[in-house]
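Visitor: Here's my sequence, what's the structure:
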Amino acid sequence: MSNTDTAPAEVACTASSFVGVLQPREVPLGGPRAILVRRTLPQRERSLIGAWCFADHYGPHDVRGGTGMDVPPHPHTGLQTVSWLFSGAVEHRDSAGVHAMVRPGELNLMTAGAGICHSEVSTAATTVLHGVQLWVALPAADRDTGRDFAHYVPPPRSVDGAVLRVFLGELAGDRSPVHTFTPLLGAQLDLKPRATITLDVDPSFEHGVLLDQGRIDVGGAPLDVADLAFHGAGQRELTIANRGDRPARALLLGGPPFPDQLVMWWNFVGRSHDEIVAYRQMWQDRDARFGAVDGYRGAIDRLPAPPLPNATLRPRANPKES
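Guide: Have a look, this model is predicted:
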């Protein structure tokens, strides 16, 4: 998915001891008639959870009227994209030659590395589109790695009134085989009505819980849909309670504090203003760094980069915990 916000607010991200609940903001995906997504990362209070640097939650959207997802080929650098659906299906094509379907409960992870481009289009058979798009920043030593793609279907596991699907990392005895460049945790939690689960978690990790549906408390803090509860490193347990009479669903994300400062703009993750300027120019010039997508049939063959802000892009500092 592309960050299609053409005029993002410039934010100077400085050290913060924020622990609490992040509320999302709505962003249109792909134009004035596009679906709206709810973005919780990055924002002023918190830029990163481990290496997780971007989180969009969308749907459920009834797309039978033709207002589904159609994101033309667009570039990425220095990150991995994590696509995770709850309903619907999305067709993925990228410049590494991968043509794959994104389906509910199945992880699609694309590694951009030095540069890639891809398109995402919801299928004609999709009636309700509902899911999340997440980005993972690559550490300095690996950010220019080659293009790659992984697909994994995590088995569901019942634990204390909940069903877990661990798509990255390890939780409650389940481990994903998918390679990441820093330690990460990514899991879907489905909680039965009035169920409470206490999970043993890695104390070296920061954690975030993103609510998809229902009513839950995380460590006693209530969440609304698309809210993200953040907890800093140092905790060995995380308690999540469904306070409603209907099932609830959430994503648990985690990782150790990320060591690098990032400059994020549009779809690029870099380390300096000059790098971002260079990436943008290469994309506009159709440089081989990003390659090309075969088989996309949209109205335009690629997304043009928006204008750069009239200011120096600043790093997103990794907040320190108090």
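Visitor: Send me stretch 118-132 as CSV with only the CA atoms.
Guide: Coordinates of the C-alpha atoms in stretch 118-132 are reproduced here as CSV (Å, rounded to 0.1, in the frame of the first residue of the first chain):
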residue,chain,number,x,y,z
HIS,A,118,4.3,-2.9,-6.6
SER,A,119,0.6,-2.6,-7.2
GLU,A,120,-2.4,-3.7,-5.1
VAL,A,121,-5.9,-4.2,-6.4
SER,A,122,-8.9,-5.7,-4.7
THR,A,123,-10.4,-8.6,-6.7
ALA,A,124,-13.7,-8.4,-8.6
ALA,A,125,-15.1,-11.1,-6.3
THR,A,126,-14.4,-9.0,-3.2
THR,A,127,-17.6,-7.6,-1.6
VAL,A,128,-16.2,-6.5,1.8
LEU,A,129,-12.6,-5.2,2.1
HIS,A,130,-11.1,-5.2,5.6
GLY,A,131,-7.5,-5.4,6.8
VAL,A,132,-4.3,-3.7,7.8
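Visitor: in it, what counts as buried?
Guide: Residues of stretch 118-132 classed as buried: 118, 119, 120, 121, 122, 123, 126, 129, 130, 131, 132 (neighbour count, 16 or more other Cβ atoms under 10 Å). Quick note: C-beta positions are derived from backbone N, CA and C, even for glycine.
Visitor: and those, which of them are in helices?
Guide: Among the buried residues of stretch 118-132, the subset assigned to helices under DSSP state H is empty.
Visitor: can you redo these as JSON lines with distance to residue 48 and pLDDT?
Guide: Rendered in JSON lines, the data for the buried residues of stretch 118-132 read as follows (distance: Cβ to Cβ, whole Å; pLDDT from 0 to 100):
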{"residue": "118", "distance to residue 48": "23", "pLDDT": "98"}
{"residue": "119", "distance to residue 48": "27", "pLDDT": "96"}
{"residue": "120", "distance to residue 48": "24", "pLDDT": "95"}
{"residue": "121", "distance to residue 48": "29", "pLDDT": "94"}
{"residue": "122", "distance to residue 48": "29", "pLDDT": "94"}
{"residue": "123", "distance to residue 48": "33", "pLDDT": "95"}
{"residue": "126", "distance to residue 48": "32", "pLDDT": "96"}
{"residue": "129", "distance to residue 48": "27", "pLDDT": "96"}
{"residue": "130", "distance to residue 48": "25", "pLDDT": "97"}
{"residue": "131", "distance to residue 48": "21", "pLDDT": "97"}
{"residue": "132", "distance to residue 48": "17", "pLDDT": "97"}
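Visitor: Strands - which of these land there?
Guide: When the buried residues of stretch 118-132 are checked against strands (DSSP state E), the matches are 118, 119, 120, 121, 122, 129, 130, 131, 132.
Visitor: What residues are bridge-paired with residue 52?
Guide: For residue 52, the residues forming beta bridges with it (DSSP bridges) are residue 49, residue 136.
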